[in-house]
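No sequence on hand, only this structure:
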């Protein structure tokens, strides 16, 4: 058994090893998206493939509870020097969209595997229907690029050149893919050396026992947090703007049940599997890492000393019914699952906000929009495809401070690429990059400001993909009297005669001289904005973060000649009416839910869950089409019956068939 001090020493060694892996990858990667934006992961895993250490300062933060067990088991035999890989979302539910290429390597001690090193890189492109492989409009996995089920990429230290040639033939920028993959292999090799160093220091048996103890400690820490949260059932729902090109909202619903030191996250009531790429492939795994990302953030916030490993997932059980947006069946498209995952985190935050309101923030922006450009560089006469920059929104107002500007909480791991580097590597000219005034939700603690960016292209047929675009319709919500944040937008040639507002579209073709402007959403506000100190509001105005008009309208603070007019402010605040209620969603959602009530959605869920999976999205779309001038549960029932009259092959729900059989 490890004593507490020795266990902490092992944890420090493991974290240092993971940090070294991340350094190796970042310093040797080829694409800006990996080396600058840092959309990658590395981890150390135990004998069974459970993660026991991740870096704290590098890369994506989705995977501390990751297990590679399913992927590992799909390879018949491992030898020293082997590296396996996959990017197929449906083979083992490790990779969750095709650009994420996951690699893992066994670490041998003698003839036995004692650990694994692993990680992923987000390839700039994996082929498919659109540059960068991802768009909401895609409808099946086959359109999202080439897929590799789990197989060996490196055999005893030697790359499989046949696999490499197949990949290079099918992707748009093969040099970037190959360079990033080899950088990740180098990182796995670094991790392997560090594991051997730990075995040499602690001994093989003690190392294996210590890794198990690290997972047990993380589980105990997570259970301790849950015991301090009131038992109960907490229900929350939120929306992505559009479920597909037919543009109906996509709803995610969570019923959170906490009992003592365990919790159930029941996503029943979320939308059916979609005919777009917003689906999240989890395989119904009750502890799939993408379902628990919001949990990781909450646990780490409540206990910054918690060990980030698979152990902390053990107290949680997720329910995601098959054939829904959070558990689709093949060949559903999944490329834009990160958009849905952003909304999923908002749903988790919203439910916990009811359970521990004094500790939780308002909603983060939840739309980490990543801009990819495919254009021709007239300087080199070559085609360029590159990720330009993530346009990340603000964090929600916190219990004791404003939300973070332009780096919103759950998406803060995506680093911005300096404009100088982007303009050197990509033939575009930035005309704006900064924070958007008045975009953070008003509150005692203001929501973080949105990011806005605009650039000009110079070559014909320049193709822009802005993946994860959302929050153009439904705002990030405020809490405890705080207000919802500003909306996102994308505009071509803003302020000109040829201006085009793109709604939630995520692809556009630009011609020479065209400018595209992209703005994220802000973070929601927390607490009554009328209680924000006037001097704070004045500072916001001076810094250009809040306009004088918004200071007066939202905060009741009158500013004249660069100073607070105390008498006018006092009078204005005395006559103002604060918002009541736990959440503030904004007029858009409030208006929508007068028609689409909770009862209406419950009825919709009951109908759709009784249909064969391949009918569900069609039936949802037809019901929405027939809801004009209708509302509530009865409106949904009537709309469905009209749909069945129009489409006689549309089956009755299973529950209805059972009822009819009993009646007969």
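Arrived safely. Note that this is a predicted model, so its numbers are computed, not measured. Residues are numbered from 1 along each chain as shown.

drop to CA atoms for contacts and neighbour counts, all remaining ones
Will do.

Tell me how far residue 475 lies from residue 277.
Using CA to CA, to the nearest Å, residue 475 is found at 22 Å from residue 277.

if you count what's nearby, which of these two comes out ahead?
residue 475 (33 against 30; other CA atoms under 10 Å).

what about residue 166, how many neighbours?
Every residue meeting other CA under 10 Å relative to residue 166 is counted, giving 11.

ok, it to residue 331 distance?
Residue 166 is 22 Å from residue 331, by CA to CA.

got it, and residue 85?
Residue 85 is 21 Å from residue 331, where distance means CA to CA.

Kindly report the same for residue 490.
30 Å.

more neighbours, the two?
residue 490 (24 against 12).

So what's the residue count around the spatially closest residue to that one that is not a sequence neighbour?
Spatially, and ignoring its direct neighbours in sequence, residue 490 is nearest to residue 518 (4.5 Å; CA to CA, 6 or more residues apart in numbering). Residue 518: 22 surrounding residues under other CA under 10 Å.

Please give me every residue in contact with residue 518.
Going by CA atoms under 8 Å, 6 or more residues apart in numbering, residue 518 touches 391, 452-454, 488-491.

elements contacting the helix ranked longest in the chain?
Longest among the helix segments of the chain by residue count, using DSSP state H, is helix 174-202. With contacts taken as 3 or more CA pairs under 8 Å, 6 or more residues apart in numbering; DSSP states H and E, helix 174-202 sits against helix 4-28, strand 40-45, strand 100-109, strand 112-122, helix 161-170.

7 Å instead?
helix 4-28, strand 112-122 (3 or more CA pairs under 7 Å, 6 or more residues apart in numbering; DSSP states H and E).

With respect to burial, which of these scores highest?
With neighbours defined as mean count of other CA atoms under 10 Å, the helices and strands packed on helix 174-202 peak in mean count at strand 112-122, which reaches a mean of 24.

tell me the contacts of residue 461?
Shown in contact with residue 461 (CA atoms under 7 Å, 6 or more residues apart in numbering): 509-511.

which of those residues are buried?
residue 510 (16 or more other CA atoms under 10 Å).

So which of the contacts of residue 461 are in strands?
Residues of the contacts of residue 461 located in strands (DSSP state E): 509-510.

can you list the contacts of residue 461 in a markdown table and add distance to residue 152?
Shown next, in a markdown table, are those (distance: CA to CA, whole Å):
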| residue | distance to residue 152 |
| --- | --- |
| 509 | 38 |
| 510 | 41 |
| 511 | 43 |
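
Which of the contacts of residue 461 lies at the shortest distance from residue 8?
residue 509 (53.3 Å; CA to CA).

Nearest residue to that closest one in space, please, no chain neighbours.
residue 463 (4.6 Å).

Quickly run through the sheet partners of the helix or strand hosting the residue nearest to residue 490, with directions.
Element membership for residue 518, per DSSP states H and E: strand 515-519. Using DSSP bridges, the strands paired with strand 515-519 are strand 451-457 (antiparallel), strand 489-492 (antiparallel).

can you tell which of the ones you listed is closest to residue 120?
Between residue 120 and the strands paired with strand 515-519, the tightest spacing by CA to CA is seen for strand 451-457, at 27.0 Å.

Kindly reformat the strands paired with strand 515-519 as JSON lines containing distance to residue 92 and mean pLDDT.
Shown next, in JSON lines, are the strands paired with strand 515-519 (distance: least, CA to CA, whole Å; pLDDT from 0 to 100):
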{"stretch": "strand 451-457", "distance to residue 92": "36", "mean pLDDT": "95"}
{"stretch": "strand 489-492", "distance to residue 92": "36", "mean pLDDT": "94"}
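
Can I get the ones you listed in CSV including distance to residue 140?
Shown next, in CSV, are the strands paired with strand 515-519 (distance: least, CA to CA, whole Å):
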stretch, distance to residue 140
strand 451-457, 31
strand 489-492, 26
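
OK, contacts around residue 102?
Residue 102 neighbours (CA under 7 Å, 6+ apart): 85-87, 95, 119-121.
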